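[1] next comes the sequence, and after it the predicted model I'd like to discuss.
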Amino acid sequence: MIKITNLQKFYRTEEVETVALNDLNIHVQEGEFVAVMGPSGCGKSTLLNIIGLLDDLDEGSYVFNNVEVAKFNERKRSDLRKHNIGFVFQSFNLIDELTVFENVELPLIYTNVPAAERKKRVEEVLEKVQIMHRRNHFPQQLSGGQQQRVAVARAVVNNPKLILADEPTGNLDSSNGNEVMNLLTELNEAGTTIVMVTHSEHDAKFSDRVIRMLDGQVIMETTTV
Amino acid sequence: MNTENIKTAWRRLKNNKFYTAVNVLGLTVSLATAILIILWVQDERSFDQFHHDHEQIYKVSAHMQTSESTAVWDGVPGPIAILAKDIPAVESATRVAYNWSAILVDNATKNQTEGKKIAYVDDSFFSIFHFPLLQGSVSTFLQNKQNILLTPETAIAVFGDENVVGKTVYWQEAPFTVTGLIDQAPQNSSITFDAIVPLSYYAAKFTEGGGNMHWKTIDEDLGNYAFNTYLKIQTNSSSPEIGTQLSNGYKKLRNGESSTLFSADLMSDLHLISADGNKSALRLVQVFTIVSLLLLAIGAVNYINLSTARSLERAKAVGIRKVIGASRTHLFLSFATETIIIFAIALLLAIVSVWALVPGYNAIAGKSLVFSLSNTTVWVYLGVAILVTLLLASIYPALQLTSFHVLKSLKGQSTKNSTSAMLRKGLVVFQFSISIILIIATLVIKQQLSYIRDKNLGYDKEQLFTVNLDWDAVQSYDAIRAELANSPAIENTALTGIYNIANHGEATGDLEWPGKDKNQSIIVTQASIDKNFIPLLNIEMLEGSNFTGLQSDSSSFIINEALAQQIGLKSPYVGQKLTFHDMEGTILGVVKDFHYKSLKEKIGPMIMWTHWYRGALYVKAKPNMAQQAIAAVEAQYKKYPTEFPFKYSFLDSQFDDLYKSDNRTGLLFNIFSGIAIFISVLGLFALTTYEAQIRIKEIGIRKVLGADVLGIIHLLSKDFILLVLIAIVIACPVAWYLMNEWLSSFSYRTSINISLFVIGGIMAVALAYITIGLRAMQAALANPVKSLRDE
């Protein structure tokens, strides 16, 4: 599903050019659950952003679902993103002014799903993450674990083929963290491809494969199962 | 705009009550003020446009040429209308003459009402103008010269009700049959009346009274400029040409001896551009229009500044939405929705405020404006103004916010911050420049008005009042004077033909002097006075002596300096010969020029003599005894038969009346500049609040490191104060230029003092400093531990 070859990414300031990702190659099969690990600053979040089409690459090729997307413009990326990719962040990134229900509904609005269909799908996914009883609450009224479950619900409501999770348990205690990991595992079992950046060896164990990075390069890949 | 957008926007506004309140308040005030100004402007522009054919109706004015200047007269002689009818381009012509203070009596009840303005009109009046009859018909009215039309108000004043058709009303002891009820002229009509009588009545009285010299009918009388004459001309015909034809026709009637020119000017233009070309009224309307737009702009600036400043807060939400799949259009609509909601609330509040304020505003502006939601002109003005403001206030912030890079905005950084900070600073400078210009304008207007008030007019108006005496009282003036001399409350009295010394307009060209050039002509103001007038008003004699009250007065003149200079007399003036209205005489004395007209005009030549009718009694009361003096005069007044009730007016108030509209302008400017400053300061207050909010951590660290309160205040205020200083630098030359323009309409004017700019500048800086200081102090006094822990 994801085939990245010879990826180069630089960060430039007026004086220095830093190499963030250096000649990096990655393949992710459809249905895989991949964890990306490495010390701070190794480039794993940059990689995730590039996979998610939030950031662009300087050199190399990125084929997503057999389409070369490296040169896509903002509109095309946005279109591809909203139909294919769901995001889960460490800091949840829910919108404060919207209720749980409305936060989850938002991606469906942006993909022009009719209202009745939206309601059905949002309720389904809220049931799935067991947060239906809080549907009319605002994010500030929820615990961290609950907020992250909402974020996961929002990421999957559009049935994306790929979920990108950036340290999804980083702000959670271990029991809430486990809940979120179980949720991701369930989704993966149902066929969703997952790429997750994490610091936690514990979380990495939920994945099929661990990619370890250092200084912008892949240094090791291990299969966990 | 969908429900999701509305819901989110509404919640955001609710969660940020302070900023929402600042935005709504600022916009409400600027919108309400703009609406009020627009109502005023609309009214000023609408004069005489309610006549269906207003684009074809022209008014004739007379231009009296003299070597020094041109005097423009509103009324023209009666034959002008007759001449006009022979011009092919003129469809019809009509004349209107007035009696300004008629007394109408219902003989049955003896009920009477005085001070009514009666318009004498030609038959064609009703076919040219749109003054609808509520009862009766025009054709019946025109059948008899002793018919009369009453306005409802007059009808009620005379008869107590509006069912008056067929009744008889007496005026000057002549009976008039009421043949109809005519609607009151709207307040934006230059023609006003309480009752209407056929001009044929006036004409008949004129002829019965022997006419004017050899002219026996008003259609022949070339000497009486009593008729406001209106022409309905064919579309596409040239009004200057009609003016020339009238001038030529008149000259022919005068056997070739006339330098008087006539012009035909579009009636509906004359309210703003007078026939002499004076555009000061138009300019005032333009200034007010600009002020209303500037106020809207200042209000919009607050909104733009607050939204761009707070964009950091929103950056994250924008980032999330973008990640989830929001397009720029989605985001733009969500911001625009918020702006529209704020505007809608502000507009609603503004409409309610305008409704509540209109009565008070009318009192200040001297108008009877009506604010109605069905007033399409206001909506068009307002619609365009709001749309522009809305676009300005929503497009920039929305574009700026939506252009944030996704990743950076997720991290709470905005990419274009330096550009928008520059823009914000520019807008603050703009706001304060406008405010400072308005402050300085207000100060200059104030200074000019007090200059006028305090200017030495050349006569002493303290404790002086006038009473107009009727014929019999004038005949017995010596007895009245003797009686009043006995009153302990009265210092002295005089009798004169000057009814309003603040604005005396009786002028003639009928003056000859030895050595006068044949082609030289002059318009000289004339006044009949007695020997007491000059000492009573304390008018300074430069040369010669005052009238004596003896027979020799009848061949003597007293002139002012301006006349002596204008006709080129050589000093000593006393004893030189003049011929005035065919009467030969000598100059007895010369007075120092005094202001008998508005200070907008230069003092012109004046001649005083003892001939002709004098009906104005001037009374000087002793200090603090004005009421007793009035009572004493009233007692004398009532001894003589008159149909007019006793009325007095102080010279002070006559003087103030003359400058009423200038005082109004001054007051309105006071209010507008106050509002502009209020909105600007409100914006500054909100910006400082925000600044203090985002720099709270920095302030905390500085305090921990030992900064004191003053230091923190300085930190937060120095940038803003710099902006205000820049605004002062921009505003001063602009204000100087604009106010010099305004002052140039006064012949006697104050000079713009540099101190006004200093005061204006200090006021602006002080206001800004207080506003910022209050907020900064709060931030500086906050416990640093708390603000650091907040992270």
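    Nice, thanks for sending it over. Residues are numbered from 1 along each chain as shown, chains lettered A, B, ... in the order given.
[2] just give the closest residue to the residue nearest to the spatial centre of chain A, not the sequence neighbours.
    Geometric centre of chain A, nearest residue: A:Leu164, 1.5 Å, by CA atoms, centre = their mean. Counting by CB to CB, 6 or more residues apart in numbering or on different chains, A:Gly52 is the residue found nearest to A:Leu164 once chain neighbours are left out, at 4.7 Å. Bear in mind the C-beta positions are built from the backbone N, C-alpha and C, glycine included.
[3] list the contacts of the one you found.
    For A:Gly52, the contacting residues are A:81, A:85, A:87, A:164, B:323, by CB atoms under 8 Å, 6 or more residues apart in numbering or on different chains.
[4] ok, B:Thr154 next?
    Contact criterion CB under 8 Å, 6+ apart gives B:104, B:113, B:116, B:194-195 as the residues in contact with B:Thr154.
[5] roughly how far does it sit from B:Phe193?
    Using CB to CB, to the nearest Å, B:Thr154 is found at 9 Å from B:Phe193.
[6] please name the nearest non-neighbouring residue to the one residue in chain B that gets nearest to chain A.
    Among the residues of chain B, B:Gly325 lies nearest to chain A; the distance is 2.6 Å by CB to the nearest CB. Residue nearest to B:Gly325 in three dimensions, not counting chain neighbours: A:Lys82, with 2.6 Å by CB to CB, 6+ apart.
[7] equivalent analysis for B:Ile87, please.
    The spatial neighbour of B:Ile87 that comes closest, neighbours along the chain excluded (CB to CB, 6+ apart), is B:Gln245 at 5.3 Å.
[8] pull out the buried residues from the strand or helix carrying that neighbour.
    With elements delineated by DSSP states H and E, B:Gln245 resides in helix B:239-253, which encompasses its position. Judged by neighbour count (16 or more other CB atoms under 10 Å in any protein chain shown), helix B:239-253 contains these buried residues: B:239, B:242-243, B:245-247, B:249-250, B:253.
[9] rewinding a little: go through the contacts of A:Gly52 and flag which are in helices.
    The subset of the contacts of A:Gly52 located in helices under the criterion DSSP state H comprises A:81, B:323.
[10] return the closest of the contacts of A:Gly52 with respect to B:Ala780.
    Ranking those by separation from B:Ala780, with CB to CB as the measure, puts B:Val323 on top at 38.8 Å.
[11] show me what contacts residue 6?
    Using chain A here. For A:Asn6, the set of contacting residues under the criterion of CB under 8 Å, 6+ apart consists of A:23-25, A:59-61.
[12] correction: the question concerned chain B.
    When the contact criterion is CB under 8 Å, 6+ apart, the partners of B:Ile6 are B:337, B:341.
[13] can you pull the phi/psi pair for it?
    Per-residue torsions, B:Ile6: phi -60, psi -40 (degrees, to the nearest 10).
[14] what distance do you get for it to B:Val169?
    In this view, B:Ile6 and B:Val169 are 64 Å apart by CB to CB.
[15] may I see the buried residues of the lowest-mean-pLDDT helix or strand in chain A?
    Within chain A, confidence by mean pLDDT, DSSP states H and E is lowest for helix A:74-84 among all helices and strands, at a mean of 85. When burial is assessed from 16+ other CB under 10 Å, helix A:74-84 yields the following buried residues: A:77-82, A:84.
[16] just to revisit the earlier point, got a list of what the residue nearest to B:Gly325 touches?
    If you count contacts by CB under 8 Å, 6+ apart, A:Lys82 has them with A:107, A:110-111, A:158, B:324-325.
[17] measure the residue in chain A positioned nearest to chain B to A:Ala155 for me?
    Closest contact between chain A and chain B, by CB to the nearest CB, is at A:Lys82 (2.6 Å). In this structure, A:Lys82 lies at 12 Å from A:Ala155, with CB to CB as the measure.
[18] do the same with B:Asn107
    For B:Asn107, the distance to A:Ala155 equals 97 Å [CB to CB].
[19] between these two, which one's more packed in?
    Counting neighbours by other CB atoms under 10 Å in any protein chain shown for B:Asn107 and for A:Ala155 shows that A:Ala155 has the greater number, 27 against 13.
[20] surely the more buried one touches A:Gly86?
    Yes: distance between A:Ala155 and A:Gly86: 3.2 Å, which falls inside the contact criterion (CB atoms under 8 Å).
[21] what comes into contact with the lengthiest helix in chain A?
    Identified as the longest helix of chain A according to DSSP H is helix A:174-189. Contacts of helix A:174-189 from elsewhere in the structure, counted by CB under 8 Å, 6+ apart, are A:31, A:33, A:88, A:129, A:143-145, A:148-149, A:152, A:156, A:163, A:165, A:168-169, A:172, A:194, A:196, A:200, A:203, A:206.
[22] so of these, which ones are in helices?
    When DSSP H is applied, those are split such that A:144-145, A:148-149, A:152, A:156, A:203 fall in helices.
[23] B:Pro175 sits in which helix or strand?
    Assigning secondary structure by DSSP H and E places B:Pro175 in strand B:174-182.
[24] tell me what that strand is packed against?
    strand B:133-136, helix B:138-142, strand B:147-150, helix B:152-159, strand B:168-171 (3 or more CB pairs under 8 Å, 6 or more residues apart in numbering or on different chains; DSSP states H and E).
[25] can you dump the C-alpha atoms of whichever helix or strand comes after it in CSV for me?
    Next in sequence after strand B:174-182, counting helices and strands by DSSP H and E, comes strand B:195-198. What follows is strand B:195-198, C-alpha atoms only, in CSV (Å, rounded to 0.1, in the frame of the first residue of the first chain):
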residue,chain,number,x,y,z
ALA,B,195,-51.9,78.7,4.4
ILE,B,196,-52.1,79.5,0.7
VAL,B,197,-53.9,82.4,-1.0
PRO,B,198,-54.0,83.1,-4.7
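[26] now strand B:195-198, how far from the centre of its chain.
    Taking CA atoms, centre = their mean, to the nearest Å, one finds strand B:195-198 lying 29 Å from the centre of the chain it belongs to.
[27] and if you look at stretch B:544-562?
    Averaging C-alpha coordinates over stretch B:544-562 and over its chain gives two centres that are 39 Å apart (CA atoms, centre = their mean).
[28] residues of chain A that sit close to chain B?
    Proximity of chain A to chain B (CB under 8 Å from any CB of the partner chain) is limited to residues A:49, A:52, A:54-55, A:75, A:78, A:81-83, A:87, A:89, A:93-98, A:102, A:105-107, A:109-111, A:154, A:158.
[29] of these, just the buried ones, PyMOL syntax please.
    This is the PyMOL syntax for the buried subset of these, where burial follows 16+ other CB under 10 Å:
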select buried, chain A and resi 49+52+54+55+78+81+82+87+89+93+94+95+97+98+102+105+106+107+109+110+154+158
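[30] take the residues of chain A next to chain B and keep only those in helices.
    When the residues of chain A next to chain B are checked against helices using DSSP H, the ones located there are A:49, A:75, A:78, A:81-83, A:102, A:105-107, A:109-110, A:154.
[31] closest to B:Ser127 among these?
    Distance to B:Ser127, by CB to CB, is smallest for A:Ile109 among those, at 65.9 Å.
[32] the closest residue to the closest one other than its chain neighbours is in what secondary structure piece?
    Spatial nearest neighbour of A:Ile109, chain neighbours left out: B:Glu4 (5.9 Å); criterion: CB to CB, 6+ apart. B:Glu4 is part of helix B:3-15, with elements assigned from DSSP H and E.
[33] if anything else comes up later, I'll come back, but that's it for now.
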